[in-house]
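Participant: Fold the following and give me the result.
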Amino acid sequence: MSSPQHRSLLTKREREIFQLLILDYSTKEISQKLGISEKTVRNHISNTIQKLGVSSRSQALIELLRLDELSLH
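Facilitator: Numbering: from 1, shown residues only. The predicted structure follows:
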């Protein structure tokens, strides 16, 4: 019944964006790489920050790493 992996807090797109942020991509570079607007990138980041209850991108990255939602590899 239950899946072997835990249910992620992030959507697939949010995960892609934060994985690129870890690699030090800018909002503009992320938008170009994923073929979406910079505003859409910022919206995904903002939504994730709200989900986590933190107040910045860096806090969100730290929290996502702590929760094993992202990895540094």
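Participant: would you list every one of the helices in this protein?
Facilitator: 12-22, 27-34, 38-52, 57-66 (DSSP state H).
Participant: Find the residue at the geometric middle of this protein.
Facilitator: By C-alpha atoms, centre = their mean, the chain has its centre lying nearest to residue 18, at 3.0 Å.
Participant: Point out where the chain drops to low pLDDT.
Facilitator: 1-6 (pLDDT under 70).
Participant: redo that, cut-off 80
Facilitator: 1-7, 73 (pLDDT under 80).
Participant: returning to that earlier point: how about CSV for the helices of the chain, with distance to residue 73 added?
Facilitator: Where you see a C-beta, it was placed from the backbone N, CA and C, and this is true even at glycine. CSV is the format used below for these (distance: least, C-beta to C-beta, whole Å):
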stretch, distance to residue 73
helix 12-22, 10
helix 27-34, 18
helix 38-52, 20
helix 57-66, 11
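Participant: Quick check: which of these is buried the most?
Facilitator: helix 12-22 (a mean of 18; mean count of other C-beta atoms under 10 Å).
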